[in-house]
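**Q** only geometry, no sequence info:
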C-alpha cells in the first residue's frame, strides 16, 4: 500500500479495482490531445512527447491509479510481457499516473521490467484531458487504455479497473487496424 494513502482510502481503492468496467471517456474517432511529460524507462528519465512518438507509429496510452499497487503491478507485468507483440505492430506503449518521477524510475525497472516507459502526470493535466480521473478517488487516474494511430485519432478506448483485459484488447485493436491498413480499408 502506498504511504500517502490512509488505510481506509487504500482499502476503498482496492475495492474499487474490482468494480465492473465502464466506457472510456474519449470516444473512438476523437482526436487525441497532444502532451509532453517527464517519463522513465529502465530508470532513465527523459521527455516523452505524444506527437514525436506518433511519428514512429501507433501509441498505446494507458492510465493507471498508482505505481506499486496490486492491479497496477499486474498490468505493468502484462504490458512488459507483451512488448514484443506491440513492437511487431510498430506501436509504442506509455503508462501514465500521478506518481512523481522518482517513484516511476523505480517502477519502470522493477514492474515494467525496463521494457516500456511510464510518465509522471503529477498535476493531472493529461489525465484530465483524457478524462481518465478515478471518480471515487479523484487524486488517482482511472485504469483507461487508448490506442492512438499516427494521424492522432483514437481508434480504441477502454476503461476498467480490472487490469486483465487491457493488454489483450489493445493488441486486438492494433492488429485490426494494421490488417485494415494492409487491405486499404483505412487511411
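**A** Now that the structure is in, tell me what you want to look at. If you're wondering where the values come from, they're calculated on a predicted model, not measured in any experiment. Numbering: from 1, shown residues only.
**Q** how about the strands in the chain?
**A** 36-41, 44-49, 59-63, 92-97, 117-120, 144-148, 154-159 (DSSP state E).
**Q** residue contacts, residue 144?
**A** Contacts for residue 144 (C-beta atoms under 8 Å, 6 or more residues apart in numbering) come out as 24-25, 62-63, 130, 132, 157-159. Bear in mind the C-beta positions are built from the backbone N, C-alpha and C, glycine included.
**Q** mind showing which ranges of the protein have poor pLDDT?
**A** 1-24, 185-187 (pLDDT under 70).
**Q** show me the residue sitting in the middle of it in space.
**A** With distances taken as C-alpha atoms, centre = their mean, residue 62 lies nearest the centre of the chain, 1.2 Å away.
**Q** that one against residue 82, yeah?
**A** No - using C-beta atoms under 8 Å, residue 62 makes no contact with residue 82, being 11.8 Å away.
**Q** what sits against residue 100?
**A** 120, 122.
**Q** where's it relative to residue 122, distance?
**A** For residue 100, the distance to residue 122 (C-beta to C-beta, to the nearest Å) stands at 6 Å.
**Q** same thing with residue 62?
**A** 17 Å.
**Q** what of residue 80?
**A** For residue 80, the distance to residue 122 equals 23 Å [C-beta to C-beta].
**Q** okay, these two: which has more neighbours?
**A** Legend: neighbour count by other C-beta atoms under 10 Å for residue 80 and residue 122, higher for residue 80 (18 against 12).
**Q** thought the more buried one was touching residue 110?
**A** No - the pair residue 80 / residue 110 is not scored as a contact, 10.4 Å apart, by C-beta under 8 Å.
**Q** pull the number of nearby residues for the nearest residue to residue 143 once chain neighbours are set aside.
**A** Distances taken as C-beta to C-beta, 6 or more residues apart in numbering put residue 161 closest to residue 143, at 4.9 Å, once the chain neighbours are dropped. For residue 161, the tally of surrounding residues (other C-beta under 10 Å) stands at 22.
**Q** so residue 161 touches residue 141, yeah?
**A** No - using C-beta under 8 Å, residue 161 is not in contact with residue 141; the gap is 10.5 Å.
**Q** what's the span of stretch 39-56 from first residue to last?
**A** Across stretch 39-56, the terminal residues are separated by 18 Å (C-alpha to C-alpha, to the nearest Å).
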